[in-house]
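In: Here is the input, now give the coordinates:
(3 chains)
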Amino acid sequence: MLSDYFPLLIFVVVIVGFGVVAIVVPGFIGGHRPNAAADLAYESGIVPREGARRRFSVSFYLTAMLFIIFDVEAIFIYPWAVILKSLRWFGVAEMGVFVAILLVALIYIWAKGALEWGD
Amino acid sequence: MIDLSAVHIDYQTVLPELVVTGTIVVVLLLDLVVPPDRRRWLAVVSVVGLAIALIASIPLWGQHRSAFADTMAGDSFAAFFNVLLLAVTILTVLISPRYLRCVHLDFGEYYALVLSAAAGMMLLAAATSLMTIFLGIELLSLALYVLCSFSRLQEHSQESGLKYLLLGGFATGFLLYGMALIYGATGSTTLLGIRAFVTSSPGTNVLLLLGIGFLSVGLAFKASAAPFHMWTPDVYEGAPTIVTTFMSVATKAAAFAAVGRIFVATLPSLEAQWYVPLALIAVLSMSIGNVVAITQSNLKRLLAYSGIAHAGFIFLGILPGTTDGLAASLFYIAAYAAMNFGAFAVVTALDAKGEHADELTYWTGLFYRRPFLATTMTIFMLSLAGIPPTVGFFAKLFVFQALVTAHLWIPLIVGILTTVISLYYYLRVIVVMVTVPEGAPVEREGVGLPMTVVVGLSALGTTVMGLVPQVFGWALQATRF
Amino acid sequence: MSTSQLALLILIFPAAGALLLAGRGWRLPRIVTKLVGPGVVWASFVVTLTLFFNNASGDFTYWTWIQSGSFNVPFNILIDNLSIFMCLVITGVGGLIVTYAVGYMDKEDGPSYARFFTYMDVFVFSMLLLVLAGNFVFLIVGWALVGLSSYFLIGFWYHRRSAVLAARKAFVMNVIGDVGMILGTFVVFVSYHATTYRAVFKALPANDTSSLELAAFLLLVGAIAKSAQIPLHTWLPDAMEGPTPVSALIHAATMVTAGVYLVGRMHPIYDIAVYAHGAVAIVGAVTALFAATIAIVQTDIKRVLAYSTMSQIGYMFLAVGIGAYSAGFFHLLSHAFFKALLFMAAGNVIHAMNDEQDMRKYGGLLKQLPRTSWSFLIGSLSLVGVIPFVGFFSKEQILGAAFSKPDASLALAVWAFGFITALVTGFYTGRMWWMSFAGKPSPERPVEHPHEAPSVMLVPVFILAALATIGGFIQTRALGFGPHMVDDFLKSAVGAQSWEGGASEVIASLVTMALAAVLFLAAYRIYIQHAWKPWSAVVPWAQRLLERKYYFDELYDAIIVRPMDGLARGGLRYVEDPIIGGIVTGTGDLAEAESHNLSLTETGYFRNYVLVFVAGAVVVAILILARAGS
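Out: This next block holds a predicted model:
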């Protein structure tokens, strides 16, 4: 019963352990020599030109939300793919409906201009 | 090879929901091609779709289907609520185009959202699994959050939507927590499984009880029952009146469908345990709703408190934990749908003129300006107050009868006392309407044929439903799970 | 159409008419009101005729209204010869009267005009519901509705204080009757567990029981109040404040006879409950004489007719009280003819006299209003009971039945009352007719040269005059031979009279008629020729007694109204204001204050809402856990 969850426990331990190790251990083994360049925000090696707290176009959030929505929907396809063979044509048809609805949503947001950046 | 037969894929059970969902997609696409001045056609398409769904619901009557691994039921109970919810939605859509044009909110999304909410409510009424219940609640809630803030340029509407969203999120948290606890305790998400667990292991299970408690909190929120009612007046007042009309009736009905399925159909054996909190919710709702309504000067807020009070009355029928009591609640819901929808529809009709009709002072002398609306409003008020021979009287009678049969005296006494208090503010609306106005009479103006028909139908339903005993018979049959 | 649909149609027509007039009446042209008002009554009449000629009968259940355990109230209509008979009277005579009203009420302005016909149609609907109902509950509904519409119509001129007071009095008296009816129905239901006539009559015991007597007496209270019999009669004379067509329709032809209908409809009960049945006869006999004597001294022409109505209904009660049901209903029919005729003819006179109702101020109208005068004479002779008018046959049949009922001292006693009443009737009717129409015009007459009424008001009067003249030949049983159509028709519904009259009965009838006719003429000697000293000068105390109407109003005032007033005043001062008022207004104030306080919690702040929400959830959790722990 509970032993079924044992792999889960290992999983949790590994994740937490990795995070803790990654943050704590460099403090011990790395040096600590502060200078202006080292205190800069790390942006993949690119030097930041201004503060991070500035206003973004609302289209940014819109696009981000749309991305996430479609992204999450896509996840549904993974478990479906796993058992597609045993579902046969029924599975194909069901997924067809699912994708068709997503398609309608896509057409809708497209036609409404949600994907335009605008002025 | 997976054996799908164990899942019971049964399209007839979900046919009404499927039809509504299909209509949503059609309406959404149509909105892209229909020119703005022809948006009336969206309403027509919606009504057609809803009507088909309504017809598709009728074959479910008298059946005992269970589909999708016991997560959905196709039975009389679902059919009863489908018909009720679809009828309310059809009436709403009928009076929408004129109102939306008048307040410059004539957008196609409105219809898609109303249909989504309706689909969610129907799903909720048919749901027999914690998962589908949650799905239904979320579907209807998300659509309603948007609808409440549909009037984008009005701060009130935005505030309404935001408050509903935030508090709704809160309630959903409790609901989910409750569901998780129940699942943890019983190991099942279907109501059938939970029922089987409860009957097979009669001992006290704290986790299960706590889960039931939180579940009732979440559902009471949706039904706007005290003390989880705080959002109601603000949201009802701020939302566009047509949305208030819809949600005040339909959401409550759907929420009580779930309450009925969970408490009466699944957990009657635990009645001794859930009785006290539910009775508290009922008593508080009736008291707070009826008392606070007295001092309201805004009709939408007044009706909001009245709605809270009626939620309490509907809960009364649940308390005995019997199907006969639930039938009384069902009848009450149908009665409430007719009279409250009518009352809000009258407010909508007046609101459509761009006048601020929700302030009670505006209603002074309405009899002399709009005799039809004032007369029907009088009928609705009398019915809400529970005056015979309107359906409101019979609804209260049946609920009280259920309490008498179960010897539940305290809720009964509170119910009767608060009914007396409620007379005060319902009759005040009538008094205001017959008061002779000062100044020159305002010119009479029509409210349009659909509105006249819808208000007339509601008034007719309010007057005759109590006199036709078949309706209560239907309620009785709908509760034979 | 099937009989059940036709039966429903009888009710639907007046209801639809009333709805139309109430909803749109004042906005539609006046001609619509003129057509719809009487039209729907005539439509019902036609439907009733269809049922009549088809020999329709049956008990039709349309739907079940209330179903609660053993308490089961269907909406059912009972069609039998009695209800068809009543419907014929209501819609036939009613149709004539409503048509007459088209002319009589013409002075009213548009809304008021439509309102009048709305009320009239409501009344006709209620009365039809009363007689068509197939169970006690709908009987009471109709019973109460006729009381209500009577209230509306008596107080039709609501700006007149006297009319409003009269309406209130009538309503209160009627409600006393309604309470009796409702209690009686309770007793019936408790004893026999049914509300439909059919089921109740089937369940009746073979022998008298106290509960049956109780039910019969309680129902009798309702009958007495509605039919203005002693002691609940005082409202009827006051009800003459209403427009004259109302007096003709409600307070002569139809509503006031509802009591007779009730006893007839309940005859299976009264046949067993012998004491209550005897009480019916006694009440009728006493009222007949009592009201007739008061009529002698009245000076208002409509009040004379009102007391005469009470007196004639007393005859009907007498008849049904001794078991001569069909005789009573024959008199109901005949009375509807001649009393409606008298009222409408009186209405014509009042119309011509600028609403003056005092007979002393008339005089000498015979030459100026010949048609009305002659019609009135026909009505009067019918009322007196002179051959060949309809009143003779119906009244003498009642008296004959009472006279010849074997082995019944009660019947003989009530016959004596009826006999004296017939003589008094001859006298007061003579006085009324001679004073109004014969002799010289009174110096106080308001109109010097009156005009006859328009034809819409004359034609119904003529029709009724014709019916009053020849109507009696459908049943000449009082003479011992000839047709007896009414008896035959009603036999299936109320049973046949169980005894046969003899030759002595016919002789008694003829003697009665002769004496009454003599007294009719004697009135001429007294009031026109002044040849004889008026009786009032001989016995002035009797005159006073009658003028004060046997002090009934004063008696009620002293034993009911004033003590109640005192009680109410005392109650107001010592109970209502400090205690009840304190509690009620206190509760109201408290509720309002509490309402205010509670609405303060509705701050609009999200954080407060969440706080309440969480607190609620915690309370729910605690309650559940406490329950689980215990």
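In: Do a quick rundown of the helices in the stretch 1-150 of chain B.
Out: All helices of the stretch 1-150 of chain B, identified by DSSP state H, counting those that start in this stretch, fall at B:11-33, B:40-57, B:76-102, B:109-126, B:130-148.
In: most packed of those helices?
Out: Comparing the helices of the stretch 1-150 of chain B by mean neighbour count (mean count of other C-beta atoms under 10 Å in any protein chain shown), helix B:109-126 ranks first with a mean of 27. In short, each C-beta sits where N, CA and C put it, glycine included.
In: Quick check: mean pLDDT of that helix?
Out: Across helix B:109-126, pLDDT averages out at 95.
In: residues in contact with the strand or helix carrying C:Met513?
Out: Assessed by DSSP states H and E, C:Met513 sits inside helix C:503-527. Identification of contacts with helix C:503-527 by C-beta atoms under 8 Å, 6 or more residues apart in numbering or on different chains yields C:380-381, C:384-387, C:392, C:396, C:399-400, C:403-404, C:419, C:422-431, C:433-435, C:438-439, C:478-480, C:531-532, C:534-535.
In: Give the buried residues for that helix.
Out: Within helix C:503-527, the residues that count as buried by 16 or more other C-beta atoms under 10 Å in any protein chain shown are C:505-506, C:508-509, C:512-513, C:516-517, C:519-520, C:522-524, C:526-527.
In: Just want the angle from the longest helix belonging to chain A to helix B:11-33.
Out: Using DSSP state H, we find that the single longest helix of chain A is helix A:84-112. Here the directions of helix A:84-112 and helix B:11-33 differ by 30 degrees (axes from the mean of the first three to the mean of the last three C-alpha atoms, to 10 degrees).
In: What is the burial count for whichever residue of chain A sits closest to chain C?
Out: In chain A, the residue that lies nearest chain C is A:Tyr61 (22.3 Å; C-beta to the nearest C-beta). For A:Tyr61, the count of nearby residues is 10 (other C-beta atoms under 10 Å in any protein chain shown).
In: on that earlier part again, out of the helices of the stretch 1-150 of chain B, which gets nearest to chain C?
Out: helix B:130-148 (14.4 Å).
In: elements contacting the very next helix or strand once past that closest one?
Out: Following helix B:130-148 in sequence order, the next helix or strand is helix B:155-186 (DSSP H and E). With contacts defined as 3 or more C-beta pairs under 8 Å, 6 or more residues apart in numbering or on different chains; DSSP states H and E, helix B:155-186 has these neighbours: helix B:130-148, helix B:191-200, helix B:206-222, helix B:231-238, helix C:606-629.
In: what about chain A, any weak spots by pLDDT?
Out: For chain A, the stretches flagged by pLDDT under 70 are A:1-2, A:118-119.
In: so where does the residue nearest to the spatial centre of it fall, helix or strand?
Out: In chain A, the residue lying closest to the centroid (C-alpha atoms, centre = their mean) is A:Ile68, at 7.6 Å. According to DSSP H and E, A:Ile68 maps onto helix A:58-75.
In: Wondering if that helix reaches chain B at all.
Out: No: using C-beta under 8 Å from any C-beta of the partner chain, helix A:58-75 never reaches chain B; the gap is at least 12.2 Å.
In: mind checking how far the helix or strand just after that helix is from the chain centre?
Out: Following helix A:58-75 in sequence order, the next helix or strand is helix A:77-82 (DSSP H and E). Centre-to-centre, helix A:77-82 and its host chain are 18 Å apart (C-alpha atoms, centre = their mean, to the nearest Å).
In: In terms of secondary structure, what does helix A:77-82 contact?
Out: If contacts are counted by 3+ C-beta pairs under 8 Å, 6+ apart, helix A:77-82 sits against helix A:84-112.
In: Could you list the buried residues of the helix it packs on?
Out: For helix A:84-112, by 16+ other C-beta under 10 Å, it's A:87, A:91, A:95, A:101, A:104-105, A:108-109.
In: Let's have these in JSON lines, adding distance to chain C.
Out: Below are the buried residues of helix A:84-112 laid out as JSON lines (distance: C-beta to the nearest C-beta, whole Å):
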{"residue": "A:Leu87", "distance to chain C": "42"}
{"residue": "A:Gly91", "distance to chain C": "42"}
{"residue": "A:Met95", "distance to chain C": "41"}
{"residue": "A:Ile101", "distance to chain C": "35"}
{"residue": "A:Val104", "distance to chain C": "35"}
{"residue": "A:Ala105", "distance to chain C": "31"}
{"residue": "A:Tyr108", "distance to chain C": "32"}
{"residue": "A:Ile109", "distance to chain C": "30"}
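In: which parts of the stretch 101-250 of chain B sit against chain C?
Out: B:163, B:166-167, B:170-171, B:174, B:204, B:206, B:209-210, B:212-214, B:216-217, B:221, B:226-228, B:230-231, B:233-234.
In: what's the spacing between B:Ala282 and chain C?
Out: 12 Å (C-beta to the nearest C-beta, to the nearest Å).
In: for C:Thr234, phi and psi?
Out: Per-residue torsions, C:Thr234: phi -70, psi -10 (degrees, to the nearest 10).
In: List the contacts of it.
Out: Contacts of C:Thr234 by C-beta under 8 Å, 6+ apart are C:169, C:173, C:549, C:552-553, C:556.
In: which one of those has the most neighbours?
Out: C:Met173 (23 neighbours).
In: hang on, that residue packs against C:Gly222?
Out: No: applying C-beta atoms under 8 Å as the test, C:Met173 and C:Gly222 come out as separate, 11.1 Å apart.
In: residue ranges with poor pLDDT in the stretch 251-400 of chain C?
Out: Using pLDDT under 70, nothing in the stretch 251-400 of chain C is flagged.
In: Would you quantify the distance from the closest residue to chain A within it to chain B?
Out: Using C-beta to the nearest C-beta, the closest approach of the stretch 251-400 of chain C to chain A is made by C:Arg265 at 68.7 Å. Distance check for C:Arg265 against chain B: by C-beta to the nearest C-beta, it reads 24 Å.
In: C:Ala170 now?
Out: In terms of C-beta to the nearest C-beta, C:Ala170 sits 24 Å off from chain B.
In: hang on, that residue packs against C:Tyr151?
Out: Yes: using C-beta under 8 Å, C:Ala170 is in contact with C:Tyr151, at 6.2 Å.
In: Settle it for me: which of these two has more neighbours?
Out: Between C:Ala170 and C:Tyr151, C:Ala170 has the larger neighbour count (other C-beta under 10 Å), namely 27 against 23.
In: biggest helix in chain C, by residue count?
Out: helix C:161-192.
In: For the helix or strand that that helix is followed by, buried residues please.
Out: Next helix or strand after helix C:161-192 toward the C-terminus (DSSP H and E): helix C:197-203. For helix C:197-203, a neighbour-count test (16+ other C-beta under 10 Å) marks C:197, C:200 as buried.
In: check the buried residues of helix A:84-112 against chain B, which are close?
Out: When those are filtered against chain B using C-beta under 8 Å from any C-beta, the residues retained are A:87, A:101, A:104, A:108.
In: so who does the second one touch?
Out: It refers to A:Ile101. B:Val25.
In: check contacts around the residue nearest to C:Ala133 when sequence neighbours are not counted.
Out: The shortest distance from C:Ala133 to any residue other than its chain neighbours is 4.4 Å, reached at C:Leu139 (C-beta to C-beta, 6 or more residues apart in numbering or on different chains). C:Leu139 makes contacts with C:130, C:133, C:181, C:185, C:262, as judged by C-beta under 8 Å, 6+ apart.
In: again, only this time at 10 Å
Out: By C-beta atoms under 10 Å, 6 or more residues apart in numbering or on different chains, C:Leu139 lies in contact with C:78, C:129-133, C:181, C:185, C:195, C:197, C:219, C:222, C:258, C:261-262, C:265-266.
In: Tell me the pLDDT of it.
Out: Reported pLDDT for C:Leu139: 87.
In: Point me to the helix or strand that includes it.
Out: In the assignment (DSSP H and E), C:Leu139 maps to helix C:136-154.
In: among the helices and strands of chain C, which has the poorest mean pLDDT?
Out: helix C:535-538 (a mean of 66; mean pLDDT, DSSP states H and E).
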